[in-house]
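Enquirer: model this:
(2 chains)
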Amino acid sequence: MSTATHKLLKGATGDWEMVIGMEIHAQVTSNSKLFSGAPTAFGGEPNSHVSLVDAAMPGMLPVINEQCVRQAVRTGLGLNAQINLRSVFDRKNYFYPDSPQGYQISQYKSPIVGEGEVEVELDGGRTATIGIERLHLEQDAGKLLHDQSPNMSYVDLNRCGVALMEIVSKPDIRDAEQAKAYVTKLRSILRYLGTCDGDMEKGSLRADVNVSVRKPGAPLGTRCEIKNMNSINFIGQAIEYEARRQIEILEDGGQIDQETRLYDPNKGETRSMRSKEEAHDYRYFPDPDLLPLEFSQSFVDELKAKLPELPDQKKMRFVADFGLSAYDASVLVAERESAVFYETVLDRLANRARDGKMAANWVINELFGRLNKEGRDITGSPVSAEQLAAIVDLIGEGTISGKIAKDLFEIVWQEGGDPRALVESRGMKQVTDLSAIENVVDDIIAANPDKVAQVKDKPQSLGWFVGQVMKSSGGKANPQSVNDLLKSKLGI
Amino acid sequence: MTDLTSLTLAEARKGLAAKTFTSLELTDAHLSAIEAARALNAFILETPDQARAMAREADIKIGKGDGGPLAGIPLGIKDLFATRGVRTTACSKILGNFVPTYESTVTSQLWRDGAVMLGKLNNDEFAMGSSNETSCFGPVGNPWRREGSNTTLVPGGSSGGSASAVAALLCMGATATDTGGSIRQPAAFTATVGIKPTYGRCSRWGIVAFASSLDQAGPIARSVRDAAMLLRSMAGHDPKDTTSVDIAVPDYEAAIGKSVKGMRIGIPKEYRLDGMPAEIEKLWEAGAAWLRSAGAELVEVSLPHTKYALPAYYIVAPAEASSNLARYDGVRYGLREQGRNITELYENTRAEGFGAEVKRRVMIGTYVLSAGYYDAYYLRAQKVRTLIKKDFEDCFAKGVDAILTPATPSAAFGIGEKGGADPVEMYLNDIFTVTVNMAGLPGIAVPAGKDAQGLPLGLQLIGRPFDEETLFSLGEVIEQAAGRFTPERWW
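Expert: Okay, the predicted model is just below:
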């Protein structure tokens, strides 16, 4: 499926290709859990968000939370995926204290969402299309606390029963860059949809990464699964390490054991967690407490109609309507908050069609640049979308020059205030009145006969004159007017 | 007023309304009877204080004229039903002294309608058994004995405590549950009336689960009318149980005495087993004759997949049970047997907490769901289940209104007599009842006669989904014809 050239790893015996598939667990944004009314809020005293159902008290029964179903369907639509009007909840049976029922309610044979695809952006404007195998709903587990007592472990069931979407990709990913781009894109789509907050640090988004290697064109190799990755950078590092480890084994004449591994970010290596032989027999079977999950096409259509604009659509619109480059548009839409910021700027512009592209440049170069430098994110920007729009307006209408605008931006960043009022009160207005700058131009021409002679032969050196005029006008002269005036006076 | 215990529920309701006696008097009479009948081991927990408090409250309401349909009626509750603040164990050691903070939907509806709780009733551990011998509180005695014998017999199971208590006049009615025959078989063994309603008719919320796709609550009562009154309160849609069905609950009592003239009653030929005792055969014929003389038409029908029902049941039910019972792990409530690590804690707790029959079914269930066996066992059993369901559908589609069968292949047997060496011997008790659970249909057991040793025998009527009313109409015809059966008091 990959349409981009991807990275091959060099080994002693030649090039190796990585084959990567991912299972992403995304916590569904919902007020209550998948099968109980207990709240899903993060934090809280241990075991304070636990219902009788979550604690698996005798005789308790699960009842599906419709909000979670809607979120799963919306996510499926966002992934251009098949929505299954009938799906089935199964029990995945295993014993562990973080799973009070003794089974996890999941979807095994009939998931709520089937095949779909995601286009990801790579360096240098390349893209790759990654297939989605399925998305299903399941319960999250509780948490074990091992540090509360020297000889006992404690159980916190606050997270137990919270809805997760497991999003399974096809083995279409071919290198670490694609893997990182895939998680980034998926996270972006989920955040646009508001179906998952994507907070990897809090564990709202975690990935299991399946890695195998092969000689290009050869059949699939044996894979290893790296569990529970919660950082995009670690995913990249773990894949690189794991692929190298497998290549080394294979080139030494060994074979890969199918196993589950963990990545240790401190040591930068993966290590074995359990082998295939130790894998559980989960004894899946349809949960008899729950009827098959069925809904109508009109239920899906209604959700589809109310879906927000997603990053790919937004990007295309930015390119088409404002002439943004594909790259700039990608930068703006990558994070929902950035796109929202840019669109708020657009909303406030006096002339969107004229200044939309300039606004994008200002958001990306001036604002993002400055934010990056200070390690802040867009939500903490000292310059608001309204203020930035006002600055762009002032440039667009010719009230200030781009150079002055940078000074103005700096003032707004540092001190705040209404840009238009600042321009007024601090006399930053661009001088477009030709008579006001004519004297300056005449003085400069008179004082520099050698340059005047030079510019007749080499019109490119006109820039020197423009610079001089701008300097003596304190930057307030309109560069275009200066240019025109100089040309006519110099006769070029 | 010792004879207050011999009233039917319908009679007691009249007496209460007419203020002939109070609920407190009625309740006290039953509490005394319970105390005097401890030898039967039907009640495993008596709640006299709560009973009297509820009775007093009912009397006040009756006095004001706003008592509910069951106001002041003292009932026994199978220990599978969670009762708020009252120990609930499913008669398993593994639940220890578990006291729920919640009330099952079915019992809360009974209390809503004014009923009084006398205490908790014995049952087979987690409702797994057909004799009430697997209870961690020990077996229950059947109030019936063979003529001229002192041998204590089983009351059937799993709702053995419910059936014994109702037959021995310890309570006016009892809640019960039925997964493969656990209401109907003990009712038949004790000359009481038991109905398993359509799957989805009663909420399962707050009932300790055995096999979720088969479990259904229902009453055991002294008469068909009493059963109808109780079911009306127990039934109803519950948003907390997604498998409960949102269909209005009819006034079942109105079906009592309704003419059965012109109804078509099927006699399934596959239920005529080889080596079936002649007296069961005779009973069945008698039942058919009674219905015929009431104006019903008797027709032979075929339910061709009947013989696969019991084996399929003993795959589906244990499979679900093995998963449903996984929550009893010693971590959060109930029994905990320590170990050096979590695996040992699980093993020790479950080894100590579960009885032999429960362990056997957990093992069977785990096996049939295992990778490599799932298709051959579980999946195939589910296919059989579909065929069994279709057998009944075909039958009803041909205009059959209900099906008449024996309730059990024999009368009650002695404690320890069956299933010692071969568990299948015990499982065969459910041969006539499991099909009904597999198909999700309603089934009622009504006392119909006695065997040669003077032990009660029952007949079963199977109805269309959500047509319990027809079963009550037909059941009452049999009840009227067969008469009432009361055991000689020996306890």
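Enquirer: Which single residue of the stretch 101-250 of chain A ends up nearest chain B?
Expert: residue A:102 (2.3 Å; CB to the nearest CB). Yep, even glycine has a C-beta here, placed from its N, CA and C like the rest.
Enquirer: Ignore what I typed, I meant the stretch 301-450 of chain A.
Expert: For the stretch 301-450 of chain A, CB to the nearest CB, closest residue to chain B: residue A:303, 21.6 Å.
Enquirer: Show the subsequent helix or strand relative to the helix or strand hosting that residue.
Expert: For residue A:303, the enclosing helix or strand under DSSP states H and E is helix A:297-305. Counting by DSSP H and E, the next helix or strand C-terminal to helix A:297-305 is helix A:311-322.
Enquirer: for that following helix, which positions count as buried?
Expert: A:311-312, A:314-315, A:318-319, A:322 (16 or more other CB atoms under 10 Å in any protein chain shown).
Enquirer: Need those in a markdown table (columns: pLDDT).
Expert: Formatted as a markdown table, these follow (pLDDT from 0 to 100):
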| residue | pLDDT |
| --- | --- |
| A:311 | 96 |
| A:312 | 95 |
| A:314 | 96 |
| A:315 | 95 |
| A:318 | 96 |
| A:319 | 95 |
| A:322 | 93 |
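Enquirer: if we take those, which one ends up nearest to residue A:455?
Expert: residue A:322 (36.8 Å; CB to CB).
Enquirer: What residues does that closest one make contact with?
Expert: A:346, A:352-353, A:356-357, A:359-360 (CB atoms under 8 Å, 6 or more residues apart in numbering or on different chains).
Enquirer: count of neighbours near residue 16?
Expert: No chain specified, so I'll use chain A. Residue A:16 has 21 neighbours, counted by other CB atoms under 10 Å in any protein chain shown.
Enquirer: To clarify, I was referring to chain B.
Expert: Residue B:16, neighbours per other CB under 10 Å, totals 23.
Enquirer: what helix or strand does it sit in?
Expert: Residue B:16 belongs to helix B:9-17, assigned by DSSP H and E.
Enquirer: packing partners for the helix or strand just after that helix?
Expert: Counting by DSSP H and E, the next helix or strand C-terminal to helix B:9-17 is helix B:23-36. Packing partners of helix B:23-36 (3 or more CB pairs under 8 Å, 6 or more residues apart in numbering or on different chains; DSSP states H and E): helix B:9-17, strand B:43-46, helix B:48-64, strand B:74-78, strand B:116-121.
Enquirer: between the ones you listed, which one is nearest to chain A?
Expert: Going by CB to the nearest CB, the one of the helices and strands packed on helix B:23-36 nearest chain A is strand B:74-78, 12.0 Å.
Enquirer: what angle sits between whichever helix or strand comes after the closest one and helix B:48-64?
Expert: For strand B:74-78, the following helix or strand on the C-terminal side (DSSP H and E) is helix B:105-112. With axes from the mean of the first three to the mean of the last three CA atoms, to 10 degrees as the basis, helix B:105-112 and helix B:48-64 are set at 50 degrees to each other.
Enquirer: Nearest the geometric middle of the chain, what residue?
Expert: Reading this off chain A. residue A:188 (3.7 Å; CA atoms, centre = their mean).
Enquirer: Sorry, I should have been clearer: chain B.
Expert: Centroid-nearest residue in chain B: residue B:183, 2.0 Å away (criterion: CA atoms, centre = their mean).
Enquirer: tell me the pLDDT at that residue?
Expert: On the pLDDT scale, residue B:183 is placed at 98.
Enquirer: That one contacts residue B:157, doesn't it?
Expert: No: using CB atoms under 8 Å, residue B:183 makes no contact with residue B:157, being 10.3 Å away.
Enquirer: Kindly provide the distance from residue A:347 to residue A:296.
Expert: Going from residue A:347 to residue A:296 by CB to CB, to the nearest Å gives 36 Å.
Enquirer: To clarify, my last question referred to residue B:252.
Expert: Distance from residue B:252 to residue A:296, by CB to CB: 35 Å.
Enquirer: next one: residue A:116
Expert: Distance from residue A:116 to residue A:296, by CB to CB: 20 Å.
Enquirer: thinking again about what came up before, in contact with the residue of the stretch 101-250 of chain A closest to chain B, which residues?
Expert: By CB under 8 Å, 6+ apart, the neighbours of residue A:102 are A:56, A:93-95, B:323, B:325-327, B:329.
Enquirer: Now with 6 Å, please.
Expert: Neighbour list for residue A:102: A:95, B:326-327 [criterion: CB atoms under 6 Å, 6 or more residues apart in numbering or on different chains].
Enquirer: Next, the angle from the helix holding residue B:16 to helix B:23-36.
Expert: 140 degrees.
Enquirer: Which elements pack onto helix B:9-17?
Expert: helix B:224-234 (3 or more CB pairs under 6 Å, 6 or more residues apart in numbering or on different chains; DSSP states H and E).
Enquirer: and residue A:47, what helix or strand is that in?
Expert: Per DSSP H and E, there is no helix or strand for residue A:47.
Enquirer: Go ahead and confirm the residue nearest to the centre of chain A touches residue A:314.
Expert: No: counting by CB atoms under 6 Å, residue A:188 stays clear of residue A:314, with 10.4 Å between them.
Enquirer: quick one on the thing from earlier: any idea how many residues pack against the residue of the stretch 301-450 of chain A closest to chain B?
Expert: 18.
Enquirer: do the one 5 residues further on as well
Expert: By the criterion of other CB under 10 Å, residue A:308 has 12 neighbours.
Enquirer: Same question for residue B:347.
Expert: Residue B:347: 15 surrounding residues under other CB under 10 Å.
Enquirer: One more: the one 4 residues further on?
Expert: Other residues lying near residue B:351 total 10 when counted by other CB under 10 Å.
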